[in-house]
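# Need the 3D shape of this:
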Amino acid sequence: MEHSHTPEDIRERLAKPSATSYLRDCVYGGIDGAVTTFAIVAGVEGAGFSHTVIIALGIANVLADGFSMAAGNYSATKTDLDNLKRLREIERKHIREIPEGEREEIRQILRLKGLRGDVREQAMEAITADETVWIDMMVAEEYGIATTIPKPLPAAFATFLSFLLCGSVPLLPFVLRMADPFTTAIIATGVTFFAIGAMKSRWSLSSWWRSGSETLLIGAVAAAIAFVAGYWIGLITG
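The predicted model follows:
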């Protein structure tokens, strides 16, 4: 059992505010950071250019693309949040101007959930007695919008940080001037892909090895495409 189901524990658990998760932002940023940076490493290596070029382009990618992703995630999350606020204001206006129409909408929603007769009326009266609960239900049921949306700035920071950390992995063997840095970068990046997948399995029904293998496969395909493209560019320009 993941948590207790005693009446007291249930009451305490439901009384807590809903926790905001930034898991999606971390996974998204981490995978994209590792994929795009390793794609640069593989492409430049395939083209036969110097390791100095790999380091320069890789660092530029980690910083510029990481910031770009973070900015894009910030804008997208803020758009969702602004849309949620807009819909809540629409429903608040409707409640004040046409309350009976809004009550009828609650009745119809409850009917679709299987409530009938006096039970439905009592449930409707209980819900519409609290404006916040009323609006939350209308937003969720009428528009299909989640009422808990991550904050834009933390979401952007989570994306950038995970992009920076995972995107640095393919570059480290070249920055540290290791022997056979490309092979080391392949292994390290593969481990990173697998680790990201294994980590996200904690929030899914997939086993850690299946989730890790799936993410590793995605990264391997992207890396192979980049390497082949770089190789052909090297043949054409060489």
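# Could you list the buried residues of the lengthiest helix in the chain?
Determined from DSSP state H, the single longest helix within the chain is helix 66-97. Counting neighbours by 16 or more other Cβ atoms under 10 Å, one finds that the buried residues in helix 66-97 are 66, 69-70, 73-74, 77-78, 80, 84, 87-88, 91-92, 95. Every C-beta, even on glycine, is put in place using the N, C-alpha and C of the backbone.
# Among those, give me the pair with the biggest separation.
Greatest spatial distance in these: 66 and 95, 43.3 Å, computed using Cβ to Cβ.
# List the buried residues in the helix or strand bottoming out on mean pLDDT in the chain.
Least confident helix or strand, the chain: helix 7-15 with a mean of 76, by mean pLDDT, DSSP states H and E. Buried positions in helix 7-15, judged by neighbour count with 16+ other Cβ under 10 Å: none.
# With only the CA atoms kept, save it in CSV.
The C-alpha coordinates for helix 7-15 follow below in CSV (Å, rounded to 0.1, in the frame of the first residue of the first chain):
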residue,chain,number,x,y,z
PRO,A,7,-10.5,8.0,7.9
GLU,A,8,-8.1,10.3,9.7
ASP,A,9,-5.2,9.8,7.3
ILE,A,10,-7.5,10.3,4.3
ARG,A,11,-8.9,13.5,5.8
GLU,A,12,-5.4,14.8,6.5
ARG,A,13,-4.1,13.9,3.0
LEU,A,14,-7.0,15.5,1.2
ALA,A,15,-6.7,18.6,3.3
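# State the next helix or strand along the chain beyond it.
Scanning forward in sequence from helix 7-15 by DSSP states H and E, the next helix or strand is helix 23-47.
# Could you list every helix and strand in contact with that following helix?
helix 51-60, helix 66-97, helix 152-168, helix 181-200, helix 208-237 (3 or more Cβ pairs under 8 Å, 6 or more residues apart in numbering; DSSP states H and E).
# which residues does residue 36 contact?
61, 65, 167 (Cβ atoms under 8 Å, 6 or more residues apart in numbering).
# mind checking pLDDT for the last one?
At residue 167, the predicted lDDT confidence score is 94.
# quick one: low-confidence ranges for the protein?
1-3, 14, 17, 19, 238 (pLDDT under 70).
# do that again at 80, thanks
Along the chain, the model assigns pLDDT under 80 to residues 1-7, 9-11, 13-20, 202-205, 222-223, 226-227, 229-231, 233-238.
# Nearest the geometric middle of it, what residue?
residue 24 (2.2 Å; Cα atoms, centre = their mean).
# Can you give me the separation between that one and residue 200?
In this view, residue 24 and residue 200 are 9 Å apart by Cβ to Cβ, to the nearest Å.
# Which of the buried residues of helix 66-97 sits closest to residue 29?
residue 69 (6.2 Å).
# Go ahead and confirm that closest one touches residue 29.
Yes: applying Cβ atoms under 8 Å as the test, residue 69 and residue 29 come out as touching, 6.2 Å apart.
# Highest neighbour count among the contacts of residue 36?
When the contacts of residue 36 are compared by neighbour count (other Cβ atoms under 10 Å), residue 167 ends up highest, at 29 neighbours.
# Might you report the residue contacts of the residue lying closest to residue 215 once chain neighbours are set aside?
Spatial nearest neighbour of residue 215, excluding adjacent residues (Cβ to Cβ, 6 or more residues apart in numbering): residue 197 at 3.0 Å. Neighbouring residues of residue 197 by Cβ under 8 Å, 6+ apart: 208, 211-216.
# likewise residue 222?
Counted by Cβ under 8 Å, 6+ apart, residue 222 has contacts 35, 38-39.
# Filter those residues down to just the buried residues.
Among the contacts of residue 222, those scoring as buried are 35, 38-39 (criterion: 16+ other Cβ under 10 Å).
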